[in-house]
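1. pasting the sequence and the predicted coordinates here, then a few questions.
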Amino acid sequence: MLEIVTGIVLAASAGLNAYIPMLGLGLLSRFTPLVELPDGWAWLENGWCLGVLGVLLLIELVVDKVPALDTVNDVLQTVVRPASGGIVFSAGSASDTVAVSDPAAFVASAQFWPFLLGIAVALVPHVLKAVARPIVNALTAGAGAIAMSALEDLGAVALTVLAVVVPLLSLLVLVAVVVLLVRRMRRALRARAARRPV
């Protein structure tokens, strides 16, 4: 059960930022005893892979904070974030972590399904982000892009670490974040509707 929770939270994190959970899993596996990636996913801890992911993350961190470019980035990331979600769900749910010591039972017989489930899970926060960002940019004249992007990045980092260390807590944090985002989105839409001339 914890394998599924770890995979879901990692995939949701990928929906916010494709590179943070992949880089997080690779770094945690390479430099700590917290994660032991299975042979099929060991490439995530390779130095070249970590370097490429680091460069892609830096580009994403900059582009995602610029109004208008963030929307273009969200369109381009429509393929990348779900694919990353599939990768981190599969790798995370198949890894030995501090919380999961025998993941083989979950993924051994059907390794394709965790990947598909990860794609579906990552697509949800990605779509919500892609829809919300232009609204936030319009309501704040672009000033909200930096704040929203920074919160998404911090959320992706926190969810990645919690998914590995305390999966059940990470699931609770994920649910709380979704509830807060939905409430904030409703408030923003109401404020926008109130500003429209009659």
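-> That came through fine. Residues are numbered from 1 along each chain as shown.

2. could you use CA atoms for every contact and neighbour count after this?
-> OK.

3. tell me the first helix or strand C-terminal of the least confident helix or strand in the chain by mean pLDDT.
-> Ranking every helix and strand in the chain by mean pLDDT, DSSP states H and E puts helix 104-107 at the bottom, with a mean of 51. Counting by DSSP states H and E, the element after helix 104-107 in chain order, helix or strand, is helix 112-139.

4. quick check: mean pLDDT across that next one?
-> Average pLDDT, helix 112-139: 85.

5. could I get the average pLDDT for the next helix or strand after it?
-> Moving toward the C-terminus from helix 112-139, the next helix or strand (DSSP H and E) is helix 144-165. Mean pLDDT, computed over helix 144-165, is 89.

6. I'd like the distance from helix 144-165 to the chain centre, please.
-> 8 Å (CA atoms, centre = their mean, to the nearest Å).

7. what's next to that helix, contact-wise?
-> Outside helix 144-165, the residues that touch it by CA atoms under 8 Å, 6 or more residues apart in numbering are 5-7, 9-10, 13-14, 16-17, 20-21, 24-25, 34-35, 61, 64-67, 70, 92, 97-99, 133, 136-137, 169-171, 173-174.

8. repeat the analysis, applying 7 Å as the threshold.
-> 6, 9-10, 13, 16-17, 20-21, 24, 64-67, 97-99, 136-137, 169-170 (CA atoms under 7 Å, 6 or more residues apart in numbering).

9. neighbours of residue 148, how many?
-> Residue 148: 18 surrounding residues under other CA atoms under 10 Å.

10. for residue 91, that is, sorry about that
-> 29.

11. and stretch 149-166, how far from the chain's centre?
-> 8 Å.

12. pull it out as PDB, backbone CA atoms only.
-> Listed next in PDB are the C-alpha coordinates belonging to stretch 149-166 (Å, rounded to 0.1, in the frame of the first residue of the first chain):
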ATOM      1  CA  SER A 149       6.000  29.300  -9.300                       C
ATOM      2  CA  ALA A 150       8.000  29.400  -6.100                       C
ATOM      3  CA  LEU A 151       5.200  27.800  -4.200                       C
ATOM      4  CA  GLU A 152       4.800  25.100  -6.800                       C
ATOM      5  CA  ASP A 153       8.600  24.400  -6.700                       C
ATOM      6  CA  LEU A 154       8.700  24.300  -2.900                       C
ATOM      7  CA  GLY A 155       5.600  22.000  -2.900                       C
ATOM      8  CA  ALA A 156       7.300  19.700  -5.400                       C
ATOM      9  CA  VAL A 157      10.400  19.500  -3.300                       C
ATOM     10  CA  ALA A 158       8.400  18.900   0.000                       C
ATOM     11  CA  LEU A 159       6.200  16.200  -1.700                       C
ATOM     12  CA  THR A 160       9.200  14.400  -3.100                       C
ATOM     13  CA  VAL A 161      11.100  14.200   0.200                       C
ATOM     14  CA  LEU A 162       7.900  13.300   2.200                       C
ATOM     15  CA  ALA A 163       6.900  10.700  -0.400                       C
ATOM     16  CA  VAL A 164      10.200   8.800   0.300                       C
ATOM     17  CA  VAL A 165      10.500   9.400   4.000                       C
ATOM     18  CA  VAL A 166       6.800   9.500   5.300                       C
END
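
13. sweet, I'm off.
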